[in-house]
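Asks: coordinates only, no sequence provided:
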């Protein structure tokens, strides 16, 4: 039964990857209205998310290492799948935070705070080449302009005095942690907190991640731990299909023109109530290999 379920998940993963390409391609070559150039970053984040999802699928196929001129070691690097999955999850949450609201002015405001944050981070780098110093000097003017526009936005009133200071310093998520972004994007709160903590453990080399890697010696265990994470990828693609389509009419037309792919996306677009059940299954799967 597990084999059939995994095979079905793999088919859905490939179907949704294909849909992903079609949705994003629907915007290719389309002229962005004057003043809306910031919307181009929706495509950039979509590309980043897509590449993470493809990398997850590639890693799940396993790796063979040559030893003394012959292939001798085959394994499935489920740990790296989880590290990439965390990056994919955060990328989708940023995409939804910036572009998922029906209030376009709020989206633009959030995009400005996000952009200011990135530029402010680069100002902290140690620079040794003059051409890079020149870049930072030019970007300071952009930071000042963005700060002025952010301060003048009516959306700034949603933040406390302390939060406004943090916002203008580049902390674009001030007042919202990753769990808050996950909840706002439609994920079950307890599910998100646990799945995110689990993935972060692998990114930060926690003891439990090392313990699980050491105990998952068999390909069956490695496969099970990998398929569980690929399921997160399928959920992300399902959510992306609808949130991206709600932002761009051309993508909405593509989604509606493919009822089979749309049905698969709808089936995997778990809401908070659906995820309550998935959360329980996730906890059971994550225990694999933790005890002998």
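Replies: Yep, that arrived. Keep in mind that this is a model prediction, so the values were computed, not measured.
Asks: give me phi/psi at the residue lying closest to residue 121 once chain neighbours are set aside?
Replies: Closest residue to residue 121 apart from its sequence neighbours, by CB to CB, 6 or more residues apart in numbering: residue 170 at 6.3 Å. Backbone N, C-alpha and C define where each C-beta goes, glycine included. Note on residue 170: backbone dihedrals following degrees, to the nearest 10 are phi 110, psi 0.
Asks: residue 78 contacts residue 225, doesn't it?
Replies: Yes - using CB atoms under 8 Å, residue 78 is in contact with residue 225, at 4.2 Å.
Asks: show me which of those two is the more surrounded one.
Replies: residue 78 (25 against 21; other CB atoms under 10 Å).
Asks: spit out the contact partners of the more buried one.
Replies: Contacts of residue 78 were listed using CB atoms under 8 Å, 6 or more residues apart in numbering, and they are 213, 216, 222, 225-226, 229.
Asks: can you tell me how far the residue nearest to residue 121 sits from residue 124?
Replies: Distance of residue 170 to residue 124, computed by CB to CB, to the nearest Å: 9 Å.
Asks: more neighbours: which of these two?
Replies: Higher neighbour count among residue 170 and residue 124: residue 170, with 22 against 8, using other CB under 10 Å.
Asks: gap between that one and residue 113?
Replies: 8 Å.
Asks: now residue 27
Replies: Computed as CB to CB, the residue 27 to residue 113 distance reads 24 Å.
Asks: neighbour count winner among the two?
Replies: When residue 27 and residue 113 are compared for neighbours, residue 113 comes out ahead with 24 against 20, by other CB under 10 Å.
Asks: contacting residues around the residue lying closest to that one once chain neighbours are set aside?
Replies: Of all residues not flanking residue 113 in the chain, residue 172 sits nearest, at 4.1 Å (CB to CB, 6+ apart). By CB under 8 Å, 6+ apart, residue 172 lies in contact with 110, 113-114, 116-117.
Asks: quick one: which of these sit in helices?
Replies: 110, 113-114, 116-117 (DSSP state H).
Asks: format those as a markdown table; extra columns: distance to residue 41 and pLDDT.
Replies: Converted to a markdown table, the ones in helices among the contacts of residue 172 look like this (distance: CB to CB, whole Å; pLDDT from 0 to 100):
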| residue | distance to residue 41 | pLDDT |
| --- | --- | --- |
| 110 | 11 | 97 |
| 113 | 13 | 97 |
| 114 | 8 | 98 |
| 116 | 13 | 97 |
| 117 | 13 | 96 |
